[in-house]
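In: sharing a model prediction with you, sequence too.
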Amino acid sequence: MELTVAEQLLYSTTKLTSCKNGIPISTGTGFFMRFPFKDETSIIVIITNKHVLYDATEVIVTLHIASNDKPSGKFTTYKLENLRQLSIFHPDDNVDLCAFMIGPTLNQAFNSGMKIFFAPLESNLIPTGDDWEYFDAIEEVIMIGCPNGIYDEANNLPIMRRGITASALTKKYNGMNEFMVDIACFPGSSGSPIFLYDRNGYFDRKKNSYMLGSSRLKLVGILYSGPLVTNDGQIVLGRAPRITVDSMMHLGNALRSTEILKIQEEIDKITRKNEI
């Protein structure tokens, strides 16, 4: 039985445990992306936030073992070291986004006789300029990740959460390439992909009509933070899991997914340089 689109989204996302000298220091979320390369090959990376890897010397990730190109229900855990060599950071220091190469780990598994199953997201899921222009002011969104490190340990699957956009996707929130979502966000959710996933229809502003029975899937953002109310009543952006607060605000700050394309450009530069 083939995986549904929703099931594929689950297998696109994984929990990340950041460690320093072998000691876990935080958890986050990452998702697989496939970037096209030459000769019909591709490069596989895991996208997450820079702060998820901050101060880490290695990252632990548990991957699904494949059986007949499907998840077998069995898993294998890898500790990814040499993060500096594996990581590609967004060129703008103010954009909390990065990727790390997972290809060496996949090759290591394959060479040991094990095939890894995952469902990478493709660049064509990222909205184009025209798409951003015609999104509605309020859109339902789905976020997939591991809040506070919580996930389905027995099945090695992340948690799905549903909400709405808290700022219009057509606008750059506070002038930045970001938007806000009305979803409860916790440490560990950092790096979670945010989707528009309409299975049974949606309103097409460009055609000014409701597309009954049509589906729509777009990767619109990556969660990186969320405003928190501190003990003294101040509102701050919370990125690290060490912040103590009185209450969450049920809001999240997300980068527009187009920032992923800057990561892809950085990877292209590196691969071209290595070919010279």
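Out: Now that the structure is in, tell me what you want to look at. Numbering: from 1, shown residues only.

In: so what's the closest residue to Ala168 other than its chain neighbours up against?
Out: Counting by CB to CB, 6 or more residues apart in numbering, the nearest residue to Ala168 once its immediate chain neighbours are dropped is Ala137, at 4.5 Å. For every residue, glycine as well, the C-beta is placed using N, CA and C. Ala137 makes contact with Thr165, Ala168, Thr170, according to CB atoms under 8 Å, 6 or more residues apart in numbering.

In: how much space separates the first one from Ile142?
Out: The one in question is Thr165. Here the criterion is CB to CB, to the nearest Å. By it, Thr165 lies 12 Å from Ile142.

In: look at those two and report which has more neighbours.
Out: More neighbours sit around Thr165 than around the other of Thr165 and Ile142, counting by other CB atoms under 10 Å; the figures are 25 against 19.

In: so which residue is dead centre in the chain?
Out: With the centre of the chain defined as its mean C-alpha position, the nearest residue by CA atoms, centre = their mean is Pro193, 3.6 Å away.

In: my read: Lys115 touches Thr76, true?
Out: No. Proximity of Lys115 to Thr76 does not meet the contact threshold set by CB atoms under 8 Å, at 10.6 Å.

In: excluding chain neighbours, what is closest to Met101?
Out: Beyond its immediate neighbours in the sequence, the residue positioned closest to Met101 (CB to CB, 6+ apart) is Leu86, lying 4.7 Å away.

In: measure Glu139 to Phe100 for me?
Out: 30 Å.

In: so these two - more neighbours on which side?
Out: Set side by side, Glu139 and Phe100 show unequal neighbour counts under other CB under 10 Å, the larger going to Phe100 at 24 against 21.

In: before we move on, what SS does that one have?
Out: Secondary structure for Phe100, judged by DSSP: H, G, I helix; E, B strand; the rest coil, is strand.

In: chain neighbours aside, what residue packs nearest to the residue nearest to the centre of the chain?
Out: Counting by CB to CB, 6+ apart, Phe31 is the residue found nearest to Pro193 once chain neighbours are left out, at 4.7 Å.

In: contacting residues for that neighbour?
Out: For Phe31, the contact set (CB under 8 Å, 6+ apart) comprises Ser12, Thr13, Thr14, Ile46, Ile47, Thr48, Leu121, Ile144, Gly191, Ser192, Pro193.

In: I'd like the residues you listed laid out as a markdown table, including pLDDT and secondary structure.
Out: Formatted as a markdown table, the contacts of Phe31 follow (pLDDT from 0 to 100; DSSP: H, G, I helix; E, B strand; the rest coil):
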| residue | pLDDT | secondary structure |
| --- | --- | --- |
| Ser12 | 97 | coil |
| Thr13 | 97 | strand |
| Thr14 | 97 | strand |
| Ile46 | 97 | strand |
| Ile47 | 98 | strand |
| Thr48 | 97 | strand |
| Leu121 | 97 | strand |
| Ile144 | 98 | strand |
| Gly191 | 97 | coil |
| Ser192 | 97 | coil |
| Pro193 | 98 | strand |
